[in-house]
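Asks: Could you look at this predicted model? Sequence included:
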2 protein chains.
Amino acid sequence: MNSQSSHVDVVVVGAGFAGLTVARTLTKAGVSVVVLEADDRVGGRTMPGRVAEQVVDLGGQWVGPDQLHLLALAEELGVRTIPQYLEGEHILDIAGRQARHTEDQDLPLQPADLAEFDKVTAELDALTAKTDVAAPWNIEGAGALDGQTFETWLRGATESAAARSVYRQFVKTLFCVEPGQVSVLTFLQYAAGSHGVIHMMSSRGGSQDSIFEGGVWQLAGKMAQELGDAVVINAPVRSIAQTSDEVTVTSDAGVWTANLAVVTAAPPMAARISYTPALSALRDGLTQRMPMGSVIKLHVAYATPFWRAQGLSGQIISDRTVTGPWFDRSFPGVETGCLVGFFVAGPAQAWADRSPEDRRARALEDLTTYLGPEANAPIDYVERVWPAAPWQRGGYTTAAGPGVLTAFGPALRGPAGRVHWAGTETADVTPGYINGAIQSGKRAAADCIEHLKP
Amino acid sequence: MNSQSSHVDVVVVGAGFAGLTVARTLTKAGVSVVVLEADDRVGGRTMPGRVAEQVVDLGGQWVGPDQLHLLALAEELGVRTIPQYLEGEHILDIAGRQARHTEDQDLPLQPADLAEFDKVTAELDALTAKTDVAAPWNIEGAGALDGQTFETWLRGATESAAARSVYRQFVKTLFCVEPGQVSVLTFLQYAAGSHGVIHMMSSRGGSQDSIFEGGVWQLAGKMAQELGDAVVINAPVRSIAQTSDEVTVTSDAGVWTANLAVVTAAPPMAARISYTPALSALRDGLTQRMPMGSVIKLHVAYATPFWRAQGLSGQIISDRTVTGPWFDRSFPGVETGCLVGFFVAGPAQAWADRSPEDRRARALEDLTTYLGPEANAPIDYVERVWPAAPWQRGGYTTAAGPGVLTAFGPALRGPAGRVHWAGTETADVTPGYINGAIQSGKRAAADCIEHLKP
């Protein structure tokens, strides 16, 4: 590809899992494509990093057994999964009480708090069961559910400080926004897409069951390699103009005409492209109302996984620290140990513009609290500040605030003439996950093929 | 101006009241400027329209006696105010009960409901008194106030269906979003900026006290006329790059270098410009979280202001109709009558992509309900669908949802190096109003002059 005009059947905007899946599916069907990626790499919200000479995922990482699109892709491309390390005891420090538990045990809350936690979970599961992930706004009482924050709902659901705090940590970790920034309906949509609340939040058997040997980002690289010259990086798309006959996509790397375009960028990023004719008021309003979550992902490497010798799994969930949750992300076959952790939601919003040194110091302080002084002597540290990344501006996904899905949700998927939408936010299964991105890409590709039929 | 590169001291982005004020203030101080306006006209969220051969404001319209920046500008430029027509009886149709009242009387609610309404107002006023309009996130209990929607707060504040409904109509009319889409803290900020809740919502003596003879939009035109060639329309700014020495602003009408830039577009529109270096995570996150409200403004003209003969003022507030509120906007010295009304919030979100014919029919049906069959025989109709306007994408202002101001608010005004921010959303007085836009422009100009001092 060079910087001159070319014609293809379909221009795909974005080379994350959604865009690459669209392109791959169309190519297999004999449809010509170009994938225009704004960033200097493929993978979108997945990417590799190096820590202590090992390769890690700086973005999306985990997979659950229900995520069949992702598992099938990995199998096809020859990347194996490894179970998330869960041996030993997890630390839970919630509502002023620190306790330990194994993966197989209940959360180590006081019995009354555990009962409240279970009650809240049952209520959410009952609502989740009624939620259509592709059209959550159809749930009975959608207006009331969508017109409040998760924080408001939670305060009404239980008086237990511990149950509330566990759920707040869950919401922060899942959506990378505060419980007071996200609507109940958004929570239900995602839970419905991931087989319910507990499945979505769980490691063993749940959405964080396994990781990929060498990292999930490899799959994007392999798909891009297959597509060869059809993938153009450093090609931010600035405008998309359509007529009744064709669409013209203008990027920093050149101009393409096509029959169709598929935009896979998350809604707030897709809004930064100039469209002619202008998009509908509903679609534009949606893009103003689905902000990216705030997340900074950290890897801290040590000479050994010393916490294992203390009988700990490395999993730490705490409402006292700035960072967290933390998980073991050590590498099979090497001596070094590694913990993966996060600044999520409020802490990520507050710390994204601070220095790496500040964040590293804060992370080590938090880890030392639970793992002792050895935690303060890492051999390496690597971080990815997603809210500062110009082409992603947050992660893992969008988090619609109150009143957005009920009023604007139908604009998530509905095409704008020759411009179709994909991306994990538009998925019919596991929205917000890599698996959802792949599914959305398959759906968009099928829509294109249908549209292109003579 | 032509489409070649030029150098000025300050590039101003946007020729609404904020941008024109910046440019005018700087020009008077001997600072050279260019104002780049994306649209094909100046005025931003004010603009003229014609109905029954009279000129009306399709955007911002009213002024209150406290709005000294706007009143001073109008006096200076020779545009006179006219009191909003308020003779006769207003119609209030709330919670299943229709009643009439004059401007001087209390709302015609049942005594128990009126007491509840007053109680809610007193609670809001007490909170408003503690709110710093320039830093609302400093209020005691900010997290809790900002972590819930106005709808949630209202349900906790009163059980009265009538008091709730009146407040819902107020919030919809003021913010052009549903009470379940906006945070309590956003409401308090705006109320604090406009001398309290009742002042903000009132006509006589309040923020809707008067209109301008010939329309407020004229003031923008007069300011632009003064500035002459320094104002360039059809010049969407696509990118702003800064170094330690200067800023380069690239628009469809050419490239300008300058010492400073002032961006006056509302945050979600400012986000559609590409910045180099990338903006901070906090600023970018803010722009993802301050959507424009949804409003469609309608003028319906009749052969005469027939409602006056019925003893009515033309003011209609109803929770049963799709359109509303409605006000008299007849013209002094002519026989024709005119009503001005709105689709706001949910109705604007739902109706913005429908046809003008549908909206007109709906408006006439609603008016006929209250004013009788004469309302179904207009002589003219004009509308402005702000959410569909590519360079405004809504109005009157932004409406931050829960959790936004507390986490991201400080990024509203803080400059990004050589890029300063203005616009009514950044005002220290009357944010959301034309008066606030002017004040923000004066502040930004003063900041520029300070910055430019040798």
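Replies: Perfect, thanks for sending it.
Asks: which secondary element of chain A has the worst mean pLDDT?
Replies: Ranking every helix and strand in chain A by mean pLDDT, DSSP states H and E puts helix A:197-201 at the bottom, with a mean of 91.
Asks: what's that one packed up against?
Replies: For helix A:197-201, the helices and strands in contact under the criterion 3 or more C-beta pairs under 8 Å, 6 or more residues apart in numbering or on different chains; DSSP states H and E are helix A:111-129, helix A:161-175, helix A:184-193. To be clear about C-beta, it is placed using only N, CA and C from the backbone, and glycine gets the same treatment.
Asks: could I get that helix in CSV with only the CA atoms?
Replies: Included here for helix A:197-201 are C-alpha records, laid out as CSV according to Å, rounded to 0.1, in the frame of the first residue of the first chain:
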residue,chain,number,x,y,z
VAL,A,197,-22.6,-11.9,37.6
ILE,A,198,-20.5,-14.6,39.3
HIS,A,199,-19.2,-16.1,36.1
MET,A,200,-18.2,-12.6,34.9
MET,A,201,-16.2,-11.9,38.1
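Asks: Distance of the residue nearest the centre of chain A relative to B:G78?
Replies: Nearest to the mean C-alpha position of chain A, by C-alpha atoms, centre = their mean, lies A:Y396 at 2.9 Å. From A:Y396 over to B:G78 the distance is 57 Å, taken as C-beta to C-beta, to the nearest Å.
Asks: per-residue confidence at A:S5?
Replies: According to the prediction, A:S5 has pLDDT 66.
Asks: And for A:F408, the neighbour number?
Replies: The number of residues packed near A:F408 is 26, by other C-beta atoms under 10 Å in any protein chain shown.
Asks: Need the three-state assignment for it.
Replies: Per DSSP: H, G, I helix; E, B strand; the rest coil, the local secondary structure of A:F408 is helix.
Asks: mind checking the SS state of the closest residue to it other than its chain neighbours?
Replies: Computed as C-beta to C-beta, 6 or more residues apart in numbering or on different chains, the closest residue to A:F408 that is not its neighbour in sequence is A:L286, at 4.0 Å. With three-state DSSP as the basis, the three-state label of A:L286 is helix.
Asks: gap between A:L286 and A:V322?
Replies: When distance is defined by C-beta to C-beta, A:L286 is 32 Å away from A:V322.
Asks: Equivalent analysis for A:I240, please.
Replies: 41 Å.
Asks: neighbour-wise, which of the two wins?
Replies: The neighbour comparison of A:I240 against A:V322 (other C-beta under 10 Å) goes to A:I240, with 24 against 16.
Asks: Test my guess that A:L109 contacts A:I94.
Replies: Yes - using C-beta atoms under 8 Å as the test, A:L109 is close enough to A:I94 to be in contact (7.2 Å).
Asks: The closest residue to chain B within the stretch 151-300 of chain A is in what secondary structure piece?
Replies: Distances between the stretch 151-300 of chain A and chain B by C-beta to the nearest C-beta are smallest at A:G180, namely 2.6 Å. Element membership for A:G180, per DSSP states H and E: none, as it lies in no helix or strand.
Asks: Run through the residues that contact the nearest residue to it once chain neighbours are set aside.
Replies: Setting aside the residues directly before and after it, A:G180 is nearest to B:G147 in space (C-beta to C-beta, 6+ apart), at 2.6 Å. With contacts taken as C-beta atoms under 8 Å, 6 or more residues apart in numbering or on different chains, B:G147 has the following neighbours: A:T149, A:E151, A:T152, A:E178, A:P179, A:G180, A:Q181, B:S183, B:P402, B:G403, B:T406.
Asks: Taking the residues you listed, tell me the two that lie furthest apart.
Replies: When C-beta to C-beta is used, the two most widely separated members of those are A:T152 and B:T406, lying 15.1 Å apart.
Asks: can you give me the helices in the stretch 151-300 of chain A?
Replies: With DSSP state H, counting those that start in this stretch, the ranges of helices along the stretch 151-300 of chain A come out as A:161-175, A:184-193, A:197-201, A:217-227, A:267-270, A:281-287.
Asks: circling back to that earlier point, in contact with the residue of the stretch 151-300 of chain A closest to chain B, which residues?
Replies: Under the contact definition (C-beta under 8 Å, 6+ apart), the residues listed for A:G180 are A:T149, A:F150, A:E151, A:T152, B:G143, B:D146, B:G147, B:Q148, B:P402, B:G403.
Asks: can you do 6 Å?
Replies: Contact criterion C-beta atoms under 6 Å, 6 or more residues apart in numbering or on different chains gives A:T149, A:E151, B:G147, B:P402, B:G403 as the residues in contact with A:G180.
Asks: Can you tell me which of the helices and strands packed on helix A:197-201 is most buried?
Replies: helix A:184-193 (a mean of 27; mean count of other C-beta atoms under 10 Å in any protein chain shown).
Asks: Please spell out the segments of chain A that come in under the pLDDT threshold.
Replies: Low-confidence regions of chain A, defined by pLDDT under 70, span residues A:1-5.
Asks: would CSV of the helices of the stretch 151-300 of chain A with distance to B:G372 be doable?
Replies: Converted to CSV, the helices of the stretch 151-300 of chain A look like this (distance: least, C-beta to C-beta, whole Å):
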stretch, distance to B:G372
helix A:161-175, 51
helix A:184-193, 41
helix A:197-201, 55
helix A:217-227, 65
helix A:267-270, 45
helix A:281-287, 32
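Asks: A:V262: neighbour count?
Replies: Residues lying near A:V262 (other C-beta under 10 Å) number 30.
Asks: let me redo that: A:P236
Replies: When neighbours are defined as other C-beta under 10 Å, A:P236 has 18 of them.
Asks: if I look at the closest residue in space to it that isn't next to it in sequence, how far off is chain B?
Replies: Nearest-residue entry for A:P236: A:A38, 3.8 Å, with adjacent residues in sequence omitted and distances by C-beta to C-beta, 6+ apart. From A:A38 across to chain B, the span is 10 Å (C-beta to the nearest C-beta, to the nearest Å).
Asks: Would you mind listing what in chain A touches chain B?
Replies: Within reach of chain B by C-beta under 6 Å from any C-beta of the partner chain, chain A has these residues: A:147-149, A:151-152, A:178, A:180-181, A:268, A:272, A:278, A:280-282, A:284-285, A:288-289, A:291, A:349, A:352-353, A:387-388, A:390, A:393, A:401-403, A:407.
Asks: Of the residues you listed, keep whichever come out buried.
Replies: With burial judged by 16 or more other C-beta atoms under 10 Å in any protein chain shown, the buried subset of those is A:147-149, A:151-152, A:178, A:180-181, A:268, A:272, A:280-282, A:284-285, A:288-289, A:291, A:349, A:352-353, A:387-388, A:390, A:393, A:401-403, A:407.
Asks: Output the residue ranges of the helices in the stretch 301-450 of chain A, listed in chain order.
Replies: So, for the stretch 301-450 of chain A - with DSSP H, counting those that start in this stretch - the helices run A:306-309, A:346-351, A:356-371, A:404-408, A:434-452.
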